[in-house]
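Q: return a 3D structure for these sequence lines:
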Amino acid sequence: MSVRVVVVDDHAMFRRGVIAELEATGSGVIEVVGEGEDVDTAVAAVATGRPDVVLLDVHLPGGGGVEVIRRSSTPAGGEPPRFLALSVSDAAEDVIGTIRGGARGYVTKTITGPELVSAIQRVADGDAVFSPRLAGFVLDAFAGSIDVADIDEDLDRLSEREREVMRLIARGYSYKEVAKELFISIKTVETHMSSVLRKLQLSSRHELTKWASDRRLL
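A: You can find the predicted model right below:
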């Protein structure tokens with residue numbers, strides 16, 4: 001039987017690309033039964049589509065991916081859906097927070113189509129799926145070597161979009177590359193970057209990279 005999937009992402013172009021890839025690569029294996037662009041539409045799509053797996057972005061308007069997990073109820077007489085995070089972020093606090101929120105796996109948007117189909121099938125079968133680097137974050141967190149509370153306190157000053165811009169800039173992306181990655185204008189990237197530096201009381205990209213590296217956000 002095919003795995004029923006709901007795809008949730010606030011970037012329409014990316015969401016449609018994922019759906020097209022799943023329908024092509026996962027033909028006969030994956031059936032896309034709904035999609036969502038924010039928390040409310042995601043919860044509605046899960047209720048209507050009754051998927052086996054929800055492919056879920058971490059950062060969504062309306063409360064984020066964990067809020068979708070919290071609000072998605074088990075259908076009467078059926079099994080609850082399993083959640084697989086698909087995100088541009090591979091930061092420790094996002095991975096750990098999403099798993100603690102109830103997701104069964106976490107993969108990044110660098111994954112290939114066949115790898116994504118395989119990950120969805122494995123989650124549907126009850127497995128937990130992570131890339132090796134992300135699995136390390138989860139093990140470290142539950143072993144107590146990452147202080148998630150401290151990380152959260154720092155990042156609470158930033159909006160979700162500012163966090164995305166911050167991570168990419170800290171990794172050495174140019175403004176143009178960040179704009180392309182996040183589907184926003186270069187001027188918007190510059191505005192977010194100025195806000196990030198101000199809120200974190202930093203003065204340069206170099207200081208931002210060190211700040212993010214010290215907190216294991218890269």
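
Q: tell me what the helix or strand harbouring Val95 is packed against?
A: Assigned by DSSP states H and E, Val95 belongs to helix 92-101. Judged by 3 or more C-beta pairs under 8 Å, 6 or more residues apart in numbering; DSSP states H and E, helix 92-101 is in contact with helix 65-71, strand 82-87, strand 105-108, helix 132-143, helix 148-155. Using the backbone N, CA and C atoms, a C-beta is placed for each residue, glycine as well.

Q: can you pull the contacts of Asp127?
A: For Asp127, the contacting residues are Arg104, Gly105, by C-beta atoms under 8 Å, 6 or more residues apart in numbering.

Q: I misspoke; the intended subject was Lys199.
A: Neighbours of Lys199 in contact, by C-beta under 8 Å, 6+ apart: Arg157, Leu158, Glu162.

Q: and the pLDDT at Arg167?
A: With respect to pLDDT, Arg167 scores 85.

Q: also the one 5 residues further on?
A: In this prediction, Gly172 carries a pLDDT score of 90.

Q: so what's it closest to, chain neighbours aside?
A: Once flanking residues are discounted, Gly172 sits nearest to Thr209: 7.5 Å by C-beta to C-beta, 6 or more residues apart in numbering.

Q: check which residues of the helix or strand hosting the one you found are buried.
A: For Thr209, the host element (DSSP H and E) is helix 205-214. Buried residues in helix 205-214, defined by neighbour count with 16 or more other C-beta atoms under 10 Å: Leu208, Thr209, Trp211, Ala212.

Q: with stretch 24-40 instead?
A: 25-26, 30-40.

Q: which ones among these lie within helices?
A: Thr25, Val39, Asp40 (DSSP state H).

Q: against Gly126, how distant is the last one?
A: Okay, so that is Asp40. 28 Å (C-beta to C-beta, to the nearest Å).

Q: same check, this time on the second one
A: With distances defined as C-beta to C-beta, the gap from Val39 to Gly126 amounts to 26 Å.

Q: so, low pLDDT: which residues of the chain?
A: 75-77, 132, 136-154, 216, 218 (pLDDT under 70).

Q: burial count for Ala45?
A: 22 (other C-beta atoms under 10 Å).

Q: who are the contact partners of it?
A: Here Ala45 is in contact with Val6, Val8, Gly34, Glu35, Gly36 (C-beta under 8 Å, 6+ apart).
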